[in-house]
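# give me the fold of what follows.
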Amino acid sequence: MPTTSFKLNNGREIPSVGLGTWQSAPGEVANAVKYAIKDAGYRHIDGAFCYENEKEVGEGVKASGVPRSEIFLTSKLWCTYHTKVEAGLDETLAELGTDYLDLFLIHWPVPMNPNSHKRFPKKADGSMDTINDRPIEDTWRDMEKLVDSGKVKSIGVSNFSIANMKKILAICRIKPVVNQVESHAYLSQRELKKFCEENGVLLQAYSPLGSTDSPILKDEELLAIANKHNVSVGTVLISYQNNRGVIVLPKSVTPARIAANAQLIDLTPEEINTIETMEDRGKRLRIVFPDWASTIF
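Just a heads-up that it's a prediction; the model follows:
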């Protein structure tokens with residue numbers, strides 16, 4: 001049977017499927033979150049300061065009528081807040097209208113100049129204004145203090161390579177519970193998943209369906225699996241992550257798709273292997289690759 005929740009390394013439970021809110025347009029997010037929680041049974045909402053829609057996410061949570069204590073709420077520390085971690089959290093809490101987060105992640109291991117643009121500071125030459133003298137280990141130590149304060153139940157990372165994971169694991173007092181990364185049929189993240197699991201860290205998959213213009217949803221191998229089970233390719237892709245022990249975060253603002261994304265099936269080991277090895281057959285695609293990503297991946 002598909003898994004409905006996973007246990008984190010601190011003993012807390014996290015719902016196995018969460019609603020992603022990245023690139024959800026203003027005016028749509030609140031209703032999407034409300035529907036997901038109230039009508040589709042979601043209890044896990046994933047957001048971020050950088051998405052510029054946290055106020056609406058909070059409104060949707062409140063409008064659902066489900067107690068805050070029953071909802072697993074995630075947000076992320078943006079790059080311009082690496083030197084002022086608690087202030088970054090406090091802004092997010094104010095926007096969401098809550099006094100704590102279930103999970104707070106370092107969004108990218110890339111500190112940026114906090115004294116320029118609030119989200120995307122740039123140098124005169126147009127390149128991203130990053131900070132080179134702020135070790136990611138220092139940011140993590142400040143994240144740990146948030147757990148001590150009670151404002152955050154669990155902490156983790158996002159878009160961290162094995163090399164950056166090793167930096168955190170070498171010094172941490174509180175271990176990251178997850179590493180949230182892009183993962184789908186054309187980017188399985190097998191090596192990273194193996195490393196994380198060996199160190200008690202769960203992988204979370206964002207963009208599990210690829211993107212609207214990617215070839216993944218039309219892939220013939222995936223269509224064959226979907227037809228066999230009489231489900232959509234989307235259901236296959238989300239179930240693939242769930243079946244292999246990965247928390248999955250599909251994004252949608254359409255009620256029918258939000259509901260469909262929560263429907264999981266059991267895939268056979270052979271089907272999982274077919275999806276897992278697509279990269280070996282030349283099907284590799286990284287969708288999220290911002291200006292600074294070349295320093296990470």
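# what's the neighbour count on residue 185?
Neighbour count for residue 185, taken as other CB atoms under 10 Å: 29. Every residue, glycine included, has its C-beta placed from N, CA and C.
# now do the one 10 residues further on
Using other CB under 10 Å, residue 195 is surrounded by 18 other residues.
# can you report phi and psi for residue 285?
The phi/psi pair for residue 285 (degrees, to the nearest 10) reads phi -150, psi 130.
# which residues touch residue 120?
Applying CB atoms under 8 Å, 6 or more residues apart in numbering, we find residue 120 in contact with 112, 128.
# and the one 3 residues further on, by the same measure?
Contacts here follow CB under 8 Å, 6+ apart; on that basis residue 123 touches residue 129.
# could you verify my assumption that residue 82 touches residue 134?
Yes: Residue 82 lies in contact with residue 134 (CB atoms under 8 Å); the separation is 5.5 Å.
# report the set of residues contacting both of the two.
Shared contacts of residue 82 and residue 134, defined by CB under 8 Å, 6+ apart, comprise residue 111.
# who's more crowded, those two?
The residue with more neighbours, out of residue 82 and residue 134, is residue 82; 27 against 14, by other CB under 10 Å.
# show me what the helix ranked longest in the chain is packed up against.
Ranked by number of residues, the top helix in the chain under DSSP state H is helix 136-149. Judged by 3 or more CB pairs under 8 Å, 6 or more residues apart in numbering; DSSP states H and E, helix 136-149 is in contact with helix 85-96, strand 101-106, strand 152-158, helix 162-171.
# export the ones you listed to TSV and append columns for distance to residue 53 and mean neighbour count.
Output for these, formatted as TSV (distance: least, CB to CB, whole Å; neighbours: other CB atoms under 10 Å):
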stretch	distance to residue 53	mean neighbour count
helix 85-96	9	19
strand 101-106	16	25
strand 152-158	17	23
helix 162-171	27	15
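# do you know which of the ones you listed lies nearest residue 129?
Residue 129 lies closest to helix 85-96 among the helices and strands packed on helix 136-149, at 16.9 Å (CB to CB).
# mean confidence score for stretch 48-60?
For stretch 48-60, the mean per-residue pLDDT is 95.
# same question for stretch 150-169.
The pLDDT scores in stretch 150-169 average 98.
# and it, end to end?
Start to finish, the residues bounding stretch 150-169 are 22 Å apart (CA to CA, to the nearest Å).
# quick one, phi/psi of the closest residue to residue 43 other than its chain neighbours?
Leaving aside its chain neighbours, residue 43 sits nearest to residue 15 (4.9 Å; criterion: CB to CB, 6 or more residues apart in numbering). With angles defined as degrees, to the nearest 10, residue 15 shows backbone torsions of phi -60, psi 140.
# surely residue 15 and residue 3 touch.
No: judged on CB under 8 Å, residue 15 makes no contact with residue 3 at a distance of 9.8 Å.
# which one's more surrounded, the two?
residue 15 (20 against 14).
# how about the more buried one, what does it touch?
Contacts of residue 15 (CB under 8 Å, 6+ apart): 4-5, 42-44, 72, 247.
# okay then, goodbye and thanks.
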